[in-house]
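1. Just a sequence and a predicted model for now, questions to come.
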Amino acid sequence: MPSIRLLLPELRHCAASAEVAGGVLAGWIARGDVRPDAEAGTAAALRSLVEWPGTALPAAALTRSLDAADAAHGAWLRADPCYVRPDLTTVRLLASGDLGQTAAETAALLQELKPLFGDSGVPIDAPTPARWYLAGSPGTDFPDCPPPEEILGDDIKLHWPQGAAGKRWRLLLNEAQVVLHNHPVNAARIARGAVPINSLWFWGGGRLPGGVSSRCARVITADPVLVALTRLAGGAEAPFDPAGLEDASRAAGSRDLGIDLRSARAGVLERDWLQPLDARLRRGDCEAIELGFVSGQRVTVRASHRRRFWRRVRPLPP
């Protein structure tokens with residue numbers, strides 16, 4: 001009988017919600033089999049559902065495979081549009097990707113950026129308004145920066161690589177910021193109350209991986225990186241909708257079902273996902289539920305574990 005593999009937010013984020021902290025997860029963790037922690041972070045968490053060669057996560061090439069037909073040619077780096085807020089000592093990343101920009105705004109901004117990046121040997125384009133890319137050769141020394149969602153609110157200088165490569169890309173980013181700051185698109189955005197697109201964030205560099213594998217035949221997710229990995233592994237994604245849980249489970253057949261719950265809001269996570277999954281486990285509709293938190297904790301839960309009554313269930317500690 002197949003298992004259900006859950007990809008969950010950081011445990012501390014789950015514990016921050018009283019509804020989740022005192023709900024199904026508390027019982028699972030108290031009475032399940034706690035396994036050794038994995039490395040914390042998005043890439044390690046994704047490996048609880050999908051495996052790929054190497055240690056880096058080439059997110060740019062993966063999402064490029066969804067957005068265009070040329071992902072297998074060369075290497076790619078995301079150069080996502082951002083809103084940053086500078087002050088005397090910091091430059092904080094406050095928004096990235098979808099800032100409500102239209103296709104026309106994207107095209108106008110890129111028209112001014114293309115000479116800068118083209119002359120630097122890394123042409124820029126945007127198959128979708130929210131995902132911008134730089135194209136490089138397989139040997140291009142891309143900066144190793146974290147995904148933007150991991151550093152929202154932080155000073156970007158704390159997450160910038162050191163050394164000669166970091167300096168080169170920092171200078172290129174500074175020039176891009178000047179172009180964006182002076183662009184009439186941003187003047188119009190500010191005038192109507194929208195945040196300006198005043199910076200870029202470089203991340204996810206690399207080539208499209210081969211040899212991707214997964215024990216999951218279906219993965220329920222809203223993450224395009226995981227969608228691309230799932231397809232490369234020969235599986236299929238399902239919409240991020242709890243109403244489709246039964247259909248996705250049937251489609252997975254004798255193989256595991258993966259469910260990516262990182263983006264679920266606290267109330268929805270408990271009511272619409274965890275409680276129905278606990279009911280499935282109790283009915284014997286799956287062999288086990290494998291929990292993988294972005295913060296690294298790993299737990300295996302089986303129906304028989306509910307009889308471990310001597311293990312007291314307490315709310316997750318904050």
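-> Okay, I see it. Numbering: from 1, shown residues only.

2. Report the secondary structure state of Asp80.
-> Under DSSP: H, G, I helix; E, B strand; the rest coil, the three-state class of Asp80 is strand.

3. so how many other residues sit close to it?
-> Per other C-beta atoms under 10 Å, the neighbour tally for Asp80 reads 23. Heads up, the C-betas are built off the backbone N, CA and C, glycines and all.

4. all helices in the stretch 201-318 of the chain, in order from the N-terminus.
-> Assignment of helices within the stretch 201-318 of the chain using DSSP state H, counting those that start in this stretch yields the ranges 224-232, 245-252, 266-268, 275-283.

5. could you point out the longest helix in this structure?
-> Selection of the longest helix in the chain by residue count, based on DSSP state H, yields helix 163-181.

6. what comes into contact with that one?
-> Around helix 163-181, the neighbours that count as contacts under C-beta atoms under 8 Å, 6 or more residues apart in numbering are 109, 112-113, 116-117, 120, 141-143, 160-161, 186, 196-200, 202.

7. Equivalent analysis for stretch 217-236, please.
-> The contact list for stretch 217-236, computed with C-beta under 8 Å, 6+ apart, reads 7, 46, 49-52, 57, 59, 62-63, 65-66, 131, 204, 208-209, 212-214, 216, 237-241, 244-245, 248-249, 251-253, 255-260, 262-263.

8. One more pass at 7 Å, please.
-> For stretch 217-236, contacts defined as C-beta atoms under 7 Å, 6 or more residues apart in numbering pick out 46, 49-50, 52, 59, 62-63, 65-66, 212-214, 216, 237-238, 240, 248, 251-253, 255, 257-260, 263.

9. What's the end-to-end length of that stretch?
-> With C-alpha to C-alpha, to the nearest Å as the measure, the ends of stretch 217-236 fall 6 Å from one another.

10. Deepest in the core, which of the helices of the stretch 201-318 of the chain is it.
-> Per-stretch averages of neighbours, counted by mean count of other C-beta atoms under 10 Å, single out helix 224-232 among the helices of the stretch 201-318 of the chain, with a mean of 22.

11. Might you quantify the distance of that helix from its chain's geometric centre?
-> How far helix 224-232 lies from its chain's middle: 11 Å, per C-alpha atoms, centre = their mean, to the nearest Å.

12. Quickly list the domain ranges of this structure.
-> Segmentation of the chain into domains, based on automatic domain parsing, reads 4-54+212-307, 59-206.

13. In JSON lines: these, plus distance to Pro315 and mean pLDDT.
-> Shown next, in JSON lines, are those (distance: least, C-beta to C-beta, whole Å; pLDDT from 0 to 100):
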{"stretch": "domain 4-54+212-307", "distance to Pro315": "4", "mean pLDDT": "94"}
{"stretch": "domain 59-206", "distance to Pro315": "27", "mean pLDDT": "95"}
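
14. Of all these, which one is nearest Leu316?
-> Comparing the domains of the chain by their distance to Leu316 (C-beta to C-beta), the top pick is domain 4-54+212-307, with 3.9 Å.
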